[in-house]
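**Student:** Sequence and predicted structure, then a few things I'm wondering about:
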Amino acid sequence: MAEKQLGVLKALDVAKTQLYHFTAIVIAGMGFFTDAYDLFCVSLVTKLLGRIYYFNPTSAKPGSLPPHVAAAVNGVALCGTLSGQLFFGWLGDKLGRKKVYGLTLIIMIVCSVASGLSFGHEAKGVMTTLCFF
């Protein structure tokens, strides 16, 4: 078994680099980028949301999210990432990675647009729709 795996690795080492290799690297890199981008931008977005939706004109300080709202936004991002990895990983094993990768890409595009168009008349409604998407 180990000799067979070493044979495969040796064949990969001497294989000629083709366009397919670069395509696979770009596709895998974009998946990692979108996943990491969601997690890294949450802290920046919470500061901006606080300044936009929780701004007090009588105060000299910029607005900030209340602690329970900030915890909800951060918690939803982390829980969504964990549950998405587990569910879509399992689904990828059942249906095939290529199909599920396309499905997750479509879901991410739709939810990103919907997040940008979060609606509501007050801050609570906007935060609720934002956390949902």
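**Tutor:** That came in fine, so what should we check first?
**Student:** where exactly do the helices run in this protein?
**Tutor:** Here the chain has its helices, by DSSP state H, at 2-14, 19-53, 67-95, 97-116, 123-132.
**Student:** Show me what the last one is in contact with.
**Tutor:** If I follow you right, that is helix 123-132. Contacting residues not belonging to helix 123-132 are listed as Leu49, Tyr53, Tyr54, Val69, Ala72, Val73, Val76, Ala114, Ser115, Ser118, Phe119, Gly120 [Cβ atoms under 8 Å, 6 or more residues apart in numbering]. In this view, the C-beta of every residue, glycine as well, is placed from N, C-alpha and C.
**Student:** which of the residues you listed sit farthest apart?
**Tutor:** Spanning the widest gap among these are Tyr54 and Ala114, at 21.9 Å by Cβ to Cβ.
**Student:** okay, the angle between the worst-scoring helix or strand of the chain on mean pLDDT and helix 19-53?
**Tutor:** One helix or strand of the chain scores below all others by mean pLDDT, DSSP states H and E: helix 2-14, with a mean of 75. Orientation of helix 2-14 against helix 19-53 (axes from the mean of the first three to the mean of the last three Cα atoms, to 10 degrees) gives an angle of 80 degrees.
**Student:** what's the offset of helix 2-14 from the middle of its chain?
**Tutor:** On the basis of Cα atoms, centre = their mean, to the nearest Å, helix 2-14 sits 34 Å off its chain's mean C-alpha point.
**Student:** same thing with stretch 31-42?
**Tutor:** 5 Å.
**Student:** Ok, stretch 95-108 next?
**Tutor:** The chain centre lies 13 Å from the centre of stretch 95-108; the measure is Cα atoms, centre = their mean.
**Student:** For it, which outside residues touch it?
**Tutor:** With Cβ under 8 Å, 6+ apart as the test, stretch 95-108 has contacts from Ile27, Gly31, Thr34, Gly84, Phe88, Leu91, Gly92.
**Student:** Show me the shaky parts of the chain.
**Tutor:** 1-2 (pLDDT under 70).
**Student:** quick one, domains of it?
**Tutor:** The chain breaks down into these domains under the TED database: 16-95, 96-132.
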